[in-house]
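[1] I need the structure of the sequence given here:
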Amino acid sequence: MDKQKKILESALQLFVEYGFHGTPTSKIASNAGVAAGTLFHYFKTKDELVINLYNRIKGELNTYVYSQIDNNDTVEAKFRTLFNHTLYWALKNNQEFYFIQQFHFSPHLASIPPDELVNQAKPHIELFEQAVREGILKPLPADLLLTLVGSHVYGLHQYLAKAGFDKKRESEVIDQAFEMIWDMITI
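    Predicted structure coming up:
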């Protein structure tokens, strides 16, 4: 396996288990089976490693979720697709999704340039703005709507990850949650 990939996998596992501050680079290197110098060959600092890992995972999530959207669908169907597939991806990739949450609530988030954060959320924001313009959603700022929905996604993921439902019940809960959130944000 590629050394850089081993380092990233080790970092993900340790950051989720011990947090950013509780995970020294020496532990990441040791867990990955590489020398500390090898880690620093790929990532100059631990912060750079954290940010690189976040960008990779966030990119994987966005690529997957956006590939599920049918541009011919209604706005509601597009929202449902984004909501459902974000949760399905999160449940399949628990560590990665937990890392995204951990990153969002850490000081590291401020290290991502604002234009990059906007770019990561751009398809979501554009969909919210379109829905507000069309009178489907309440006339609220798109970033507020995104925050409200995102918070529910994080919470629902935590609930489902702990509940241990079978796939049928999991799908039912996701559908019920979507309906409640859709009712909350629509006119």
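[2] so where's the chain uncertain?
    1 (pLDDT under 70).
[3] show me where it has its helices.
    For the chain, the helices defined by DSSP state H cover 3-18, 25-32, 36-42, 46-67, 75-92, 94-104, 114-133, 142-163, 167-185.
[4] what's the spacing between H152 and A161?
    In this view, H152 and A161 are 15 Å apart by Cβ to Cβ, to the nearest Å. All C-beta atoms are positioned from the backbone trio N, CA, C, and that covers glycine.
[5] who has more neighbours out of these two?
    Shown here are H152 and A161; by other Cβ atoms under 10 Å, H152 has more neighbours (17 against 13).
[6] dump the residue contacts of the closest residue to the more buried one other than its chain neighbours.
    Using Cβ to Cβ, 6 or more residues apart in numbering and skipping the chain neighbours, the partner closest in space to H152 is I181 (5.3 Å). Applying Cβ atoms under 8 Å, 6 or more residues apart in numbering, we find I181 in contact with 83, 148-149, 152.
[7] N31 too?
    Counted by Cβ under 8 Å, 6+ apart, N31 has contacts 10, 13-14.
[8] and with 7 Å instead?
    By Cβ atoms under 7 Å, 6 or more residues apart in numbering, the contact set of N31 is 10, 14.
[9] pull the number of nearby residues for the nearest residue to F43 once chain neighbours are set aside.
    Spatial nearest neighbour of F43, chain neighbours left out: L49 (3.9 Å); criterion: Cβ to Cβ, 6+ apart. Using other Cβ under 10 Å, L49 has 22 neighbouring residues.
[10] and if you look at I174?
    Applying other Cβ under 10 Å, I find that I174 has 23 neighbouring residues.
[11] the residue nearest to F43 against S10, yeah?
    No. Judged on Cβ atoms under 7 Å, L49 makes no contact with S10 at a distance of 10.1 Å.
[12] list the buried residues in stretch 22-39.
    For stretch 22-39, the neighbour count (16 or more other Cβ atoms under 10 Å) marks 23, 25, 28-29, 31-32, 34, 38-39 as buried.
[13] pull the number of nearby residues for R133.
    If we define neighbours as other Cβ under 10 Å, then R133 has 10 of them.
[14] please disregard the earlier target; I meant L8.
    L8: 20 neighbours (other Cβ under 10 Å).
[15] so how far is Q120 from V50?
    For V50, the distance to Q120 - Cβ to Cβ - is 16 Å.
[16] any idea how far E116 lies from N55?
    Per Cβ to Cβ, E116 is found 8 Å from N55.
[17] correction: I125
    Counting by Cβ to Cβ, the gap from I125 to N55 is 18 Å.
[18] of the two, which one has the most company?
    Ranked by neighbour count (other Cβ under 10 Å), I125 and N55 place I125 first, with 17 against 14.
[19] alright, I will stop here.
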